[in-house]
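Visitor: mind folding the following:
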Amino acid sequence: MRRLALFGAVLGFVRVAAAGTVWIDTDVSIGSPIREVDDAYALVLAFHSPEIRIAGVSTTYGNASVVATTRAAKDLVTRFGAAAGLKADQVFPGARSAADFGRRSEASEALAAAVAKGSVTYVALGPLTNLATFLRLHPGSARKIERVIFVGGQARGTTLSLGPRRSFHIHDANVFKDPAAAEAVVRSRIPLTLVPIATGSALALSEENLRELERNGGAGSYLERRSKVWLWFWTHLVKTNGGPIFDALAIVTAVRPELVSTKKRSAKMDAAGNLIVTGRLTSGARPVSYCSQVGTRTKSFVLRRLVRRSAGHD
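Guide: Prediction:
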């Protein structure tokens, strides 16, 4: 075992334990045909994962206005959150835009109340404005955030391009929409796990996968009905083999980290406001864990979890 640990250290791999209590921050917007649906998949996956306890859900701008994301999050919790012991009053609206960085909100105060009871892993599926605000307003409570799992970051020298010819270009949205908040979190001492868009794009659902979800009813049927336009966009316009559910990979990282390859890396914000990841610890950078590859069993695990709450560990 000692030799295996040393071998992993040499290669730069990280063994990450599953999260216990989590707080989920989301810009969920399922129901709008021009928006991504991956936050909804991530939330349902979290609701159906007995490995974690969800202390609360906060909402933010990003895919839609905070009014719309709060409405969507409360609807999802009402429909499917009972499996995780959640109620709609455990959804707390936060930032309306990057301009709200540092402005007190229901989200910042609810998170403060939650960490007063115990430590949490913070899973950020949208811009980091809510978390950065919490850190500014409650600096003494930062130590109660055990780890941040953030959907963002990109390897140095890469562009975020998808499709068979890499012709569909996207930006690192959760960083791009509030680089100041991202920098505040990067500069904190909180352990940080990055789930980059480039890696998350490998976790994609095909038309057959959606049919499988629909056949199982419940949450699967709900997600399938609201993902048709989204899937058409990815498969017909971007011409991928399926629609990526980027944010779901952050939940997988929290509940079943062995299904994701994670490496030791360093990260820092560059002058253009990008969160850049490199292999070496350079000036101004900090150590991070970096999800580099989706495991071969990850997709089947996600599909099983989406359609039912497991009595045990899948």
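
Visitor: now the strands for the stretch 1-150 of the chain?
Guide: 21-26, 53-59, 91-93, 120-124, 145-150 (DSSP state E, counting those that start in this stretch).

Visitor: in CSV, list the ones you listed along with mean pLDDT and mean neighbour count.
Guide: (Glycine included, C-beta is placed from N, CA and C.) CSV is the format used below for the strands of the stretch 1-150 of the chain (pLDDT from 0 to 100; neighbours: other CB atoms under 10 Å):
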stretch, mean pLDDT, mean neighbour count
strand 21-26, 98, 26
strand 53-59, 98, 24
strand 91-93, 98, 24
strand 120-124, 98, 27
strand 145-150, 98, 23
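
Visitor: quick one: residues contacting the residue nearest to residue 137 when sequence neighbours are not counted.
Guide: Nearest residue to residue 137, sequence neighbours excluded (CB to CB, 6 or more residues apart in numbering): residue 108, at 5.7 Å. Residues near residue 108 by CB atoms under 8 Å, 6 or more residues apart in numbering: 94, 130, 133, 134, 137, 138.

Visitor: next, work out how far apart residue 108 and residue 53 are.
Guide: As judged by CB to CB, to the nearest Å, residue 108 and residue 53 stand 21 Å apart.

Visitor: may I ask which helix or strand of this protein has the lowest mean pLDDT?
Guide: helix 2-11 (a mean of 38; mean pLDDT, DSSP states H and E).

Visitor: what's the burial count for the residue nearest to residue 218 when sequence neighbours are not counted?
Guide: Take residue 218 and drop its neighbours on the chain: the residue closest to it by CB to CB, 6+ apart is residue 307, 6.6 Å away. Using other CB atoms under 10 Å, residue 307 is surrounded by 19 other residues.

Visitor: could you do residue 271 as well?
Guide: Using other CB under 10 Å: residue 271 sits among 5 other residues.

Visitor: and it, how far from residue 285?
Guide: Counting by CB to CB, the separation of residue 271 from residue 285 is 14 Å.

Visitor: same deal with residue 238?
Guide: For residue 238, the distance to residue 285 - CB to CB - is 32 Å.

Visitor: okay, buried residues for stretch 188-199 please.
Guide: 188, 190, 191, 192, 193, 194, 195, 196, 197, 198, 199 (16 or more other CB atoms under 10 Å).

Visitor: so where do the helices sit in this protein?
Guide: 2-11, 38-47, 66-80, 106-115, 129-137, 173-176, 179-187, 197-200, 207-215, 218-225, 228-232, 248-255, 298-307 (DSSP state H).

Visitor: the fifth one: how far from the chain's middle?
Guide: Right, helix 129-137. Distance of helix 129-137 from the chain centroid (CA atoms, centre = their mean, to the nearest Å) equals 17 Å.

Visitor: that older thread, pLDDT wise, what is the residue nearest to residue 137 at?
Guide: For residue 108, the pLDDT comes out at 98.

Visitor: state the distance from it to residue 125.
Guide: 17 Å.

Visitor: residues near the residue nearest to residue 81 when sequence neighbours are not counted, how many?
Guide: Leaving aside its chain neighbours, residue 81 sits nearest to residue 47 (5.5 Å; criterion: CB to CB, 6+ apart). Neighbour count for residue 47, taken as other CB under 10 Å: 26.

Visitor: residue 281 now?
Guide: 14.

Visitor: ok, the one 10 residues further on next?
Guide: The burial count assigned to residue 291 is 26, neighbours taken as other CB under 10 Å.
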